[in-house]
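Undergrad: pasting a predicted model and its sequence here:
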There are 2 protein chains.
Amino acid sequence: MEIRILLLLYSISLLYSTAISTSKITHRFPSSIVAQPENKLSFSTKTELYDEKFFTQILDHFNFHPQSYQTFQQRYLINDKYWGGPNTNAPIFVYTGNEGEIEWFAQNTGFLFETAPLFKSLLIFIEHRFYGKSIPFGGDKEKAYSNSSTLGYLSSTQALADYATLIIDLKHNLSATDSPVVAFGGSYGGMLAAWFRLKYPHVAIGALASSAPILNFENITSPYSFNNIITQDFRSESENCYKVIKGSWQEIEETAAKPGGMEILKKAFRICKNDSGNSLEGWLGTAYTYTAMTDYPTTSNFLNPLPAYPVKEMCKAIDDPKTGNNTFEKLYGAANIYYNYTGNATCFNLDDDSDPHGLGGWTWQACTEMIMQTDGSNAESIFPESEESYEDRVEFCNYEFKIEPRPYWITTEFGGHNIQRVLKRFGSNIIFFNGLRDPWSGGGVLKDISKSIIAIVAKEGAHHVDLRFSTDEDPKWLREVRRREVHIISKWLSQYYHSLADSSNE
Amino acid sequence: MEIRILLLLYSISLLYSTAISTSKITHRFPSSIVAQPENKLSFSTKTELYDEKFFTQILDHFNFHPQSYQTFQQRYLINDKYWGGPNTNAPIFVYTGNEGEIEWFAQNTGFLFETAPLFKSLLIFIEHRFYGKSIPFGGDKEKAYSNSSTLGYLSSTQALADYATLIIDLKHNLSATDSPVVAFGGSYGGMLAAWFRLKYPHVAIGALASSAPILNFENITSPYSFNNIITQDFRSESENCYKVIKGSWQEIEETAAKPGGMEILKKAFRICKNDSGNSLEGWLGTAYTYTAMTDYPTTSNFLNPLPAYPVKEMCKAIDDPKTGNNTFEKLYGAANIYYNYTGNATCFNLDDDSDPHGLGGWTWQACTEMIMQTDGSNAESIFPESEESYEDRVEFCNYEFKIEPRPYWITTEFGGHNIQRVLKRFGSNIIFFNGLRDPWSGGGVLKDISKSIIAIVAKEGAHHVDLRFSTDEDPKWLREVRRREVHIISKWLSQYYHSLADSSNE
């Protein structure tokens, strides 16, 4: 039995061989085109954005075994170009790193760089343990990832304690203990930012949690929500586009099952080498899913280089009468938007599992605590109907790591149930941003909880679009979202400085 | 070099042989009289108070190693006699167990039993891991306590996660998921109750943290504070009493150093077997310290059986002209109040390290995270002048466990610095009770932080006196403290039920 799991930004997909489940597709499967996408920022620009530093971090904050005391080098990026410094208690803005190389996140979080001159803020991007260069066990990734005994230290609570420890030490070293810290993050990093404010209010005075699906656990969010939003994204562009995609899965399977069918598919989709019909379904599903997630209003290069409004572009390719009635040509045109916007690819490896941003550790996280159910597809779904299967996950995780998921742990540790009631009179200073075109928005906080735990919802927005570098083409609603975020954060800072003055006068 | 550490309710004392430090006394050294004190509650009464149950608890909440998944049986005590039940969402009052057998704490927390009929509350007393019957590694205490590899799982964060896990599971099993939970605790248990509300607001709607010295870390509270309060307790009874005790240390040392001097001391203090002058100093220091801590306005039996206002009684014994001018007779009279109020003891073992309430694990906690500095004595102190020595602790902990303390961890994880500023706009529903005669009150929260994070301070109060069973002799101020606590908790519950009704109507 072949079992595989791949991920990006929390998504977990189980690919079974056709013998087990022909209808199950891996629609959140990250695949890379043969031609590597260029980075939007050149190396020379990157070095202007930040310096790279390392902090000696403790391996295990919560236990006191001899091995708990082991340390590792945790990377962080720092930009002090605009910082007002300790004498004015100028703020420190911290990005709580997600499941990948921190440079990638930093380069896609222009909001911090662009607001630094205004806030005179110091910028710190902390890399999450077990990702990028922040690898325990002497930086030996092979060893760190070798089995559950070493991977066991990869957890969200350890990561949050890392951030607290590093920030406190850094502030001390900078003689900036009274500088207020605000946490920022997108996606899993946004979940960490929100949780960081809730668990470490003595370290961060507030948090901007962008596209943070903290409610995508247990039964709080429907397992159909994720795919329903993707469905709606495509359907909102064109009913025909939705219908073509929805109808295509059966056609692909029928073709793949025919003698010579794989040759037809291989040619239609410019597949480099022999692959299965399942791989093709996964490859297409990934394109639709990630395009929906990154359906930004401007050209972008987060997961792959994409045009502005890429879902619209995909549907245009499908709806275009010039492509005739051939479903495969239409789908190929759509997939080409996601996989080959630069036009450099000559053929595609469907099962390419290269991982340019170093996201592989998420498989472990999705097998232990990040049990985010997003695989359900109901009758209306753009994907084939299917049920979320917790059992499949258990089976996979046992196979891959010999580990059992803890599906109730995140809500035990961080809550989530009845969040409105729980946080109505507890906590403060959190912004939850969500764009409703982002499939993850279904697991986000979409309603204000209190006067200072605020939901900003952008109907037209996608995955943490607010945190991206601004462009001249940004639509008005996006400028307005950022303006509001700046306004709210300014208020937190102002309140903090008032409290600081009050306590000095005591 | 002989090094020993003993503890009770957080106090850590380092006893050096005279070769190292003759002036250092172990004044927070628990010693037991030869005659065991009776329990105030007979066995038949105890069984009426609660039933004993066990919960299968996970060993390591924060990591995902194979060994993290091991489980142990965690004890909890339950009383459902007065519970209104799940249909009315009647409340659940949880005592977050401290560093000892949970039955002992339950039997000294009458407040919960006495208010249960009023609140129709379910009572749960959860035992802290590694104490009482809640021993990991198959309940094998010898194994669990054998070295740092097993003791490593004894930590406050694990304990809090235990409580969250147990409560959520219990509510689920009782079909009482909407029943509000309020956390209660005294001393270290009070610290845990306050931290539990701060870290798990989705589990507990509020906390009564009685005599919880959450600020006794790092430099937040002076290391002289603890002994200064003891000094003040005795001095407030009589200046002569203070002077006699203060002057006695030198006399004891001089006598012990004389030929035949130990015989004199042995006779004066009814010492059973040969002991050192240091042991005697520790034995006396313990008596003064614990008597100050438990300087209750009524007869009590928490640490030892004691009369009402025992500090006053001690000073009476010292000041009484009938005892003449012999310092040792005076001190013996005072010590007799603490060690022999029942009058059953015929002689005393100074170094008796019996541990009737199973508090031994605190030594580990004081060597890892609970770095509470209370050993400083300034010139005015009733004890010999001495400086708190972090180095002594490091040396001891290395000797005892080969472990290094983490002095900054508690404030990293739970905060403490600038608590007024941090919690002014964060968190809610905590009562911090402190009695100012309690030496631990110096590390407590003594000022209101916000409208719902409230400090109740009783000038005449001692260590978590508010939580004790009421008596007909309780002074008015104590009744008033409890009345206020009941009133505030009622308000939390009322607000909760309003929120619950609102969310049901949505």
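TA: Received, thanks. Numbering: from 1, shown residues only, chains lettered A, B, ... in the order given.
Undergrad: in chain A, where is pLDDT below threshold?
TA: For chain A, applying pLDDT under 70 flags the ranges A:1-47, A:506.
Undergrad: next to chain B, which bits of the stretch 101-250 of chain A? Give me the list.
TA: A:148-149, A:151-155, A:157-158, A:161, A:164-165, A:168, A:198-203 (C-beta under 8 Å from any C-beta of the partner chain). C-beta coordinates here come from the backbone N, C-alpha and C atoms, glycine included.
Undergrad: sec struct for residue A:182, please.
TA: Assigned by DSSP: H, G, I helix; E, B strand; the rest coil, the conformation of residue A:182 is strand.
Undergrad: and it, how far is that from chain B?
TA: The gap separating residue A:182 from chain B is 14 Å, by C-beta to the nearest C-beta, to the nearest Å.
Undergrad: quick one, what contacts that residue?
TA: Residue A:182 is in contact with A:91-94, A:121, A:204-208, A:489, A:492-493, counting by C-beta atoms under 8 Å, 6 or more residues apart in numbering or on different chains.
Undergrad: with residue A:178 instead?
TA: A:86, A:89, A:500.
Undergrad: can you list the residues of the stretch 401-506 of chain A near chain B?
TA: Selection of the stretch 401-506 of chain A residues close to chain B by C-beta under 8 Å from any C-beta yields A:402-404, A:406, A:408-409, A:411-429, A:452, A:495, A:499-500, A:503.
Undergrad: ok, for the residue in the stretch 401-506 of chain A that chain B sits nearest to, nearest residue in space, not its chain neighbours?
TA: Per C-beta to the nearest C-beta, residue A:415 is where the stretch 401-506 of chain A lies closest to chain B, at 3.0 Å. Closest residue to residue A:415 apart from its sequence neighbours, by C-beta to C-beta, 6 or more residues apart in numbering or on different chains: residue B:202 at 3.0 Å.
Undergrad: residue A:462 too?
TA: residue A:295 (4.3 Å).
Undergrad: got the phi and psi for that neighbour?
TA: Note on residue A:295: its backbone torsions stand at phi -80, psi 70 [degrees, to the nearest 10].
Undergrad: I figured the residue nearest to residue A:415 hits residue A:417, correct?
TA: Yes. Between residue B:202 and residue A:417 there is a contact under C-beta atoms under 8 Å: 6.8 Å.
Undergrad: beyond the helix or strand containing residue A:284, next helix or strand please.
TA: Residue A:284 belongs to helix A:277-293 when assigned by DSSP states H and E. Proceeding C-terminally, helix A:277-293 gives way to strand A:300-301 as the next helix or strand, assigned by DSSP H and E.
Undergrad: okay, now the sheet partners of that next one, with direction.
TA: Within its sheet, and counting by DSSP bridges, strand A:300-301 is paired with strand A:305-306 (antiparallel).
Undergrad: and the partner strand, how far out from the chain middle?
TA: Taking C-alpha atoms, centre = their mean, to the nearest Å, one finds strand A:305-306 lying 17 Å from the centre of the chain it belongs to.
Undergrad: next secondary structure after it?
TA: Next element after strand A:305-306 (DSSP H and E): helix A:310-319.
Undergrad: circling back: need the contact list for the residue nearest to residue A:415.
TA: Contact partners of residue B:202, counting by C-beta under 8 Å, 6+ apart, are A:411, A:414, A:415, A:416, A:417, A:418, A:419, A:422.
Undergrad: swap the cut-off to 10 Å and go again
TA: A:198, A:411-419, A:421-423, A:426, B:164, B:168, B:181 (C-beta atoms under 10 Å, 6 or more residues apart in numbering or on different chains).
Undergrad: now do the same contact list for the nearest residue to residue A:293 once chain neighbours are set aside.
TA: Using C-beta to C-beta, 6+ apart and skipping residues adjacent in sequence, the residue nearest residue A:293 is residue A:463, 4.5 Å away. Residues near residue A:463 by C-beta under 10 Å, 6+ apart: A:9, A:186-187, A:190, A:210-211, A:290, A:292-296, A:302-303, A:434-435, A:437-441.
Undergrad: hmm, the helix or strand harbouring residue A:93 touching chain B?
TA: Residue A:93 is located in strand A:92-96, with elements delineated by DSSP H and E. No. Strand A:92-96 does not reach chain B (C-beta under 10 Å from any C-beta of the partner chain); its nearest approach is 14.8 Å.
Undergrad: can you give me the buried ones in that strand?
TA: A:92, A:93, A:94, A:95, A:96 (16 or more other C-beta atoms under 10 Å in any protein chain shown).
Undergrad: which secondary structure elements does it sit against?
TA: In terms of contacts (3 or more C-beta pairs under 10 Å, 6 or more residues apart in numbering or on different chains; DSSP states H and E), strand A:92-96 is packed against strand A:71-79, helix A:102-107, helix A:110-119, strand A:122-126, helix A:156-173, strand A:181-186, helix A:188-199, strand A:206-210.
Undergrad: can you tell me the SS state at residue A:248?
TA: Relying on three-state DSSP, one would call residue A:248 helix.
Undergrad: what's the answer for residue A:351, then?
TA: Assignment for residue A:351 (three-state DSSP): coil.
Undergrad: phi and psi next, for it.
TA: According to degrees, to the nearest 10, residue A:351 has phi -100, psi 20.
Undergrad: count of neighbours near it?
TA: For residue A:351, the count of nearby residues is 18 (other C-beta atoms under 10 Å in any protein chain shown).
Undergrad: neighbours around the residue lying closest to it once chain neighbours are set aside, how many?
TA: The shortest distance from residue A:351 to any non-neighbouring residue, by C-beta to C-beta, 6+ apart, is to residue A:279 (5.3 Å). For residue A:279, the neighbour count with other C-beta under 10 Å is 22.
Undergrad: wait, what's in contact with the nearest residue to residue A:138 once chain neighbours are set aside?
TA: In this structure, residue A:138 finds its nearest non-sequential neighbour in residue A:72, 7.6 Å apart by C-beta to C-beta, 6+ apart. Taking C-beta under 10 Å, 6+ apart, we find residue A:72 in contact with A:54-59, A:129-130, A:134-139, A:144, A:153, A:162.
Undergrad: can you turn the buried part of the residues you listed into a ChimeraX selection?
TA: Applying 16+ other C-beta under 10 Å to the contacts of residue A:72, the buried members can be selected in ChimeraX as follows:
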select /A:55,57,58,59,129,130,134,135,136,137,144,153,162
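Undergrad: quick check: angle from the lengthiest helix in chain A to strand A:92-96?
TA: The longest helix of chain A (DSSP state H) is helix A:476-505. Per axes from the mean of the first three to the mean of the last three C-alpha atoms, to 10 degrees, the angle that helix A:476-505 makes with strand A:92-96 is 120 degrees.
Undergrad: by contact count, what packs against helix A:476-505?
TA: Counting by 3+ C-beta pairs under 10 Å, 6+ apart, the packing neighbours recorded for helix A:476-505 are helix A:110-119, strand A:181-186, strand A:206-210, strand A:430-435, strand A:453-458, helix B:419-423.
Undergrad: deepest-packed of those, please.
TA: strand A:206-210 (a mean of 31; mean count of other C-beta atoms under 10 Å in any protein chain shown).
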